[in-house]
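**Student:** predicted model, plus sequence, below.
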Amino acid sequence: MGIKSFKPVTPSLRNTTTLTNEEITKFEPEKSLLTKRKKHSGRNASGKITVRHQGGGNRRKYRTIDFKRNKLDMEATVIGIEYDPNRTSNIALIEYEDGERSYIIAPLGLTDGDKVISSEKADIKIGNCLPLSAIPVGTLIYNIELHKGRGAQLVRSAGMAAQLMAKEGNYANIRMPSGEMRLISIDCRACIGQVGNLDHENVKLGKAGRTRHMGIRPTVRGSVMNPVDHPHGGGEGKAPVGHSGPLTPWGKPALGYKTRKAKHRTDKYIVKRRK
């Protein structure tokens, strides 16, 4: 998928780019797979803002994605590739032999009419879903389960791919997109290939309005606040932060501060930390 730039008729268009959407072949979503998506604007059940800078944005409906791929040994045909406003990757609408339809994350190279299947005996082909025990070492994979039967939780963003590096006993050694080497049970499933929509990271929004359409509200610098609101606030004119390093609004170090527990229960599964 390519990147489209615009003739600078307005100041914002000078820096705006967007996707050409060559991969997308279906423009209307499957109504049976849509559900309502309620807005919370970063507020919890008490009405307090617990996640800042959220609110507004275009209305969206959630597309129900099949992350489990539980329909085993039954081939499905790709009907179309669609845009999904709830994620960076595109999604593919597939139809099984019994007529049931579902959405899956669209890998790079999957097109209309292609066949995909979830099976232990499936071919090593783009879009197929297999247990890690049945996937050859060195294969690029995405949509990886972290716990058997729970559904894919890892490597689902646009352009992402992990690599199966080795198999040792009951675990597979996988190199994640971050560079982390991690052990995952060989009974967990993964899909073959790489997530599509590679150019997503190269898009320039160009203006503040496009950020607001995505439901992201403005971020105010701490240095322009009052001391009661932020550790960086206060002072006459342009003042330094007044601390040994920048802090969060709650007084925690903002750069290089490790928040992971010293003895985390999943440490034994991490062979090598991310870069």
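**Tutor:** All right, it came through fine. Bear in mind the structure is a predicted one, so any value in this text is a computation, not a measurement. Numbers count the residues shown, from 1 in each chain.
**Student:** let me know the pLDDT of residue 275.
**Tutor:** For residue 275, the pLDDT comes out at 68.
**Student:** my bad, residue 1
**Tutor:** At residue 1, the pLDDT value in this model is 69.
**Student:** and residue 190, by the same measure?
**Tutor:** Looking at residue 190, its pLDDT stands at 97.
**Student:** run a quick neighbour tally on it.
**Tutor:** Look at residue 190: counted by other Cβ atoms under 10 Å, it has 28 neighbours. Backbone N, C-alpha and C define where each C-beta goes, glycine included.
**Student:** which of the three states applies to it?
**Tutor:** Classification of residue 190 by DSSP: H, G, I helix; E, B strand; the rest coil places it in strand.
**Student:** residues contacting it?
**Tutor:** Shown in contact with residue 190 (Cβ atoms under 8 Å, 6 or more residues apart in numbering): 129-130, 132, 135, 141-145, 152, 162, 164.
**Student:** where do the helices sit along the chain?
**Tutor:** Secondary structure of the chain (DSSP state H): helices at 208-213.
**Student:** so what's the residue nearest the centre of it closest to, chain neighbours aside?
**Tutor:** By Cα atoms, centre = their mean, the chain has its centre lying nearest to residue 157, at 3.3 Å. Ranked by Cβ to Cβ, 6 or more residues apart in numbering and with sequence neighbours excluded, the top spatial neighbour of residue 157 is residue 88, at 5.1 Å.
**Student:** what distance separates stretch 61-77 from the centre of its chain?
**Tutor:** Centre-to-centre, stretch 61-77 and its host chain are 18 Å apart (Cα atoms, centre = their mean, to the nearest Å).
**Student:** which outside residues touch it?
**Tutor:** Stretch 61-77 has contacts (Cβ under 8 Å, 6+ apart) with 29-30, 33-37, 82, 84, 86, 91, 94-98, 100, 102-105, 113-119, 121, 129, 143, 149-153, 156, 189, 191.
**Student:** narrow those to those that are buried.
**Tutor:** 29-30, 33, 82, 84, 91, 94, 102-105, 114, 116-119, 129, 143, 152, 156, 189, 191 (16 or more other Cβ atoms under 10 Å).
**Student:** so of those residues, which ones are in strands?
**Tutor:** Among those, the ones falling in strands (DSSP state E) are 82, 91, 94, 102-105, 116, 129, 152, 189, 191.
**Student:** ok, back up a step: wait, what's in contact with the residue nearest to residue 157?
**Tutor:** Neighbour list for residue 88: 157-158, 197, 200 [criterion: Cβ under 8 Å, 6+ apart].
**Student:** residue 133 now?
**Tutor:** Neighbours of residue 133 in contact, by Cβ under 8 Å, 6+ apart: 167, 172, 186-187.
**Student:** which residues in the stretch 51-200 of the chain form strands?
**Tutor:** In the stretch 51-200 of the chain, the strands defined using DSSP state E, counting those that start in this stretch lie at 61-63, 76-82, 91-96, 101-105, 115-116, 129-131, 140-142, 144-145, 152-154, 162-168, 171-175, 181-185, 189-192.
**Student:** I'd like those as JSON lines, with distance to residue 264 appended.
**Tutor:** Converted to JSON lines, the strands of the stretch 51-200 of the chain look like this (distance: least, Cβ to Cβ, whole Å):
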{"stretch": "strand 61-63", "distance to residue 264": "31"}
{"stretch": "strand 76-82", "distance to residue 264": "38"}
{"stretch": "strand 91-96", "distance to residue 264": "33"}
{"stretch": "strand 101-105", "distance to residue 264": "28"}
{"stretch": "strand 115-116", "distance to residue 264": "36"}
{"stretch": "strand 129-131", "distance to residue 264": "26"}
{"stretch": "strand 140-142", "distance to residue 264": "24"}
{"stretch": "strand 144-145", "distance to residue 264": "20"}
{"stretch": "strand 152-154", "distance to residue 264": "17"}
{"stretch": "strand 162-168", "distance to residue 264": "21"}
{"stretch": "strand 171-175", "distance to residue 264": "18"}
{"stretch": "strand 181-185", "distance to residue 264": "13"}
{"stretch": "strand 189-192", "distance to residue 264": "23"}
